[in-house]
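[1] Next one to model:
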Amino acid sequence: MTNPSLLLEKLPPELIRVIISYLSAPDLACIGATCRSLAAHASDDLLWADLINARLPNQIKDPGIFASFRRLYLAYHPCWFIPQHKIWFADNEPTGILILTRYNKRRGVIEGYQMVAERGNPEFYFWKAEPAEPAEPAVLVQSFDPIVRLLLDDPTLFLKDPDPSCLAAPIQRFSQSEERHMPLALEAHHVYSSLSFCSAISNNQESLTDGEMCWPPQIIPSNARTSRHTGGHQPERIKRMSDMSESSFRINKWTSFRVAFSPGRSQLHSTFSTLDPDFYNPTTKKPYQGIWVGDYSAHGCEFLLVLQKDVDEDLSEESRSIDVSNGEDGPEVDDMIDLGQRGRLEGIKLTGDMNVPRGQYSWVAEDIGPGGLVGVAVEEPFIGARMVRCKGHVAGIGFQDGEYSYY
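    Here you go, the predicted model:
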């Protein structure tokens, strides 16, 4: 019987390169182990450059401080999905964390920084509706122009190859107990960190029946969820790389005054999940969806995922007959439909506070179309602003006695 690799070798080099360009990194490594001729083809650095750039939002043209693209790929395999998805949010109770990740070519590291928001310098002015009752008090309006930034001096995630000049990568084989050491500044205070991988759980598994045991929570759309690592629940270790989820990872922290990289029983585990860009990139039909910053008074600024849910394309005759204009300048129903003024809006906390934590509804507008429209403002400075019925989620400290308040 003819060896298939011998038949492949007889093809022109250009055709061989086209064929193996469709292979994944593990398959490329396997075909390189068959014979010397295919090993030379599998070592083509342009193939490994393509594998890396397929994972990066901004492509790189050279391997930077590494000797080759192949060496760079192996240094951070299988972690390339982390800079690929960019936006990650964690299950830390009750506040959560929102981070942005990237591959830093200049330093040759994969890093992630926490995103924070501040109010800035607000302006205040009094506003009174027109016409208004003589005894009706004016409303104090505060402007909101938040300052959003990254905590660049304190990375949340940091993966660094110990010796980029070495031709062999330190980790090239997946193991069940694999954790990636993250050399952070807190090690000077005996606080150590590592990154570990998660397995995906299907939507029909029993783990999803308890919303506290999976991440992200079920109110956030996701095709891949994972089990949380809490004090009373420890997820199973991954047995094979094929079981590894590329939508989640876990950061572990612990304190040790003896052996550096020896996790003990007292650990803090933060499970991170990513967001599908389809749910935070606005479109013509869904102009409001995205990641927003909210001002929560004494709690400060928090990040929200605003979802604009799909609705049926055909409106009922009753909806079409609703008069939503407020004066001659009011918009018509068909105009609002064209602008995406329809459907259900949900504000879900990506970061939270002691009252309403991360992963919970902050507010819900059941219908921003004709069915939920209260009116259209005609007073300065809100002329043309649409007012719709909405309910806000309020609770006591510790998320006690949670209820919705309609306004």
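
[2] Tell me where the model's unsure across this structure.
    Low-confidence segments of the chain, defined by pLDDT under 70: 1-6, 129-136, 170-177, 202-211, 258-266, 311-339, 407.

[3] Domain-wise, how is it divided?
    4-63, 88-112+152-275, 278-406 (automatic domain parsing).

[4] Mind putting the ones you listed into a markdown table with distance to residue 137 and mean neighbour count?
    Using the backbone N, CA and C atoms, a C-beta is placed for each residue, glycine as well. Output for the domains of the chain, formatted as a markdown table (distance: least, CB to CB, whole Å; neighbours: other CB atoms under 10 Å):
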| stretch | distance to residue 137 | mean neighbour count |
| --- | --- | --- |
| domain 4-63 | 50 | 14 |
| domain 88-112+152-275 | 35 | 16 |
| domain 278-406 | 15 | 16 |
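
[5] quick one: which of those domains is nearest residue 127?
    Among these, domain 278-406 comes nearest to residue 127, with 7.6 Å by CB to CB.

[6] gap between the two ends of the closest one?
    One end of domain 278-406 to the other measures 29 Å (CA to CA, to the nearest Å).

[7] Kindly provide the distance from residue 307 to residue 157.
    Separation of residue 307 from residue 157 (CB to CB, to the nearest Å) stands at 26 Å.

[8] go on, residue 300?
    23 Å.

[9] Repeat that for residue 61.
    Taking CB to CB, one finds residue 61 at 25 Å from residue 157.

[10] just residue 25 next, same as before
    Residue 25 sits 21 Å away from residue 157, going by CB to CB.

[11] How about residue 389?
    Counting by CB to CB, the gap from residue 389 to residue 157 is 41 Å.

[12] and if you look at residue 137?
    In terms of CB to CB, residue 137 sits 49 Å off from residue 157.

[13] Next: residue 108.
    From residue 108 to residue 157 the distance is 15 Å (CB to CB).

[14] Equivalent analysis for residue 212, please.
    According to CB to CB, residue 212 and residue 157 sit 24 Å apart.

[15] Repeat that for residue 147.
    To residue 157, residue 147 is 23 Å away according to CB to CB.

[16] so what's the backbone phi/psi at the closest residue to residue 26 other than its chain neighbours?
    Here the nearest residue to residue 26 in space, its sequence neighbours aside, is residue 241; by CB to CB, 6 or more residues apart in numbering that works out to 7.7 Å. Main-chain torsions, residue 241, degrees, to the nearest 10: phi -60, psi -30.

[17] Wait, residue 241 touches residue 79, no?
    No: applying CB atoms under 8 Å, one finds residue 241 not in contact with residue 79, separated by 12.0 Å.

[18] what's the overlap in contacts for these two?
    Here residue 241 and residue 79 share no contacting residue, scored by CB atoms under 8 Å, 6 or more residues apart in numbering.

[19] so what's residue 273 up against?
    88, 89, 215, 216, 222, 225, 226, 247, 248.

[20] Same check on residue 229?
    235, 250, 269, 271.

[21] How about residue 85?
    Contacts of residue 85 by CB under 8 Å, 6+ apart are 101, 246, 247, 274, 275.

[22] how far away is it from residue 55?
    Distance, residue 85 to residue 55, by CB to CB: 9 Å.

[23] How about residue 196?
    20 Å.

[24] Please apply the same query to residue 118.
    Separation of residue 118 from residue 55 (CB to CB): 32 Å.

[25] Strands of the stretch 1-150 of the chain, residue ranges please.
    87-90, 98-104, 109-118, 124-127, 139-142, 147-150 (DSSP state E, counting those that start in this stretch).

[26] same question, the stretch 201-350 of the chain
    Going by DSSP E, counting those that start in this stretch, the stretch 201-350 of the chain shows strands at 214-215, 225-227, 244-255, 267-274, 290-295, 301-308, 345-349.

[27] and these as a markdown table, adding distance to residue 394?
    Formatted as a markdown table, those follow (distance: least, CB to CB, whole Å):
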| stretch | distance to residue 394 |
| --- | --- |
| strand 214-215 | 24 |
| strand 225-227 | 27 |
| strand 244-255 | 30 |
| strand 267-274 | 26 |
| strand 290-295 | 14 |
| strand 301-308 | 14 |
| strand 345-349 | 13 |
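
[28] and residue 250, what does it touch?
    So residue 250 contacts 195, 196, 197, 198, 229, 269, 270, 271, 272 (CB under 8 Å, 6+ apart).

[29] Now the phi/psi pair for the second one, please.
    The one in question is residue 196. Dihedral angles (degrees, to the nearest 10) for residue 196: phi -130, psi 170.

[30] Across the sheet, point out what pairs with it.
    Listed by DSSP bridges, the beta-bridge partners for residue 196 are residue 250.

[31] Touching, it and residue 249? I think so.
    Yes: counting by CB under 8 Å, residue 196 touches residue 249, with 7.1 Å between them.

[32] So which residues of the stretch 51-200 of the chain form helices?
    Assignment of helices within the stretch 51-200 of the chain using DSSP state H, counting those that start in this stretch yields the ranges 69-75, 81-85.

[33] Buried deepest among the ones you listed, which one?
    Ranked by mean neighbour count under mean count of other CB atoms under 10 Å, the helices of the stretch 51-200 of the chain are led by helix 69-75, which reaches a mean of 23.

[34] Are there helices or strands packed against that one, and which ones?
    helix 45-53 (3 or more CB pairs under 8 Å, 6 or more residues apart in numbering; DSSP states H and E).

[35] which helices and strands sit right next to the helix it packs on?
    Short answer (3+ CB pairs under 8 Å, 6+ apart): helix 45-53 packs on helix 25-32, helix 69-75.

[36] Which helix or strand contains residue 395?
    strand 391-396 (DSSP states H and E).

[37] from the middle of its chain, how far away would that strand be?
    Strand 391-396 has its C-alpha centroid displaced from the chain centroid by 25 Å (CA atoms, centre = their mean, to the nearest Å).

[38] What pairs with the helix or strand just after it, parallel or antiparallel?
    Per DSSP H and E, the first helix or strand lying C-terminal to strand 391-396 is strand 400-406. Applying DSSP bridges to the sheet, strand 400-406 is found paired with strand 391-396 (antiparallel).
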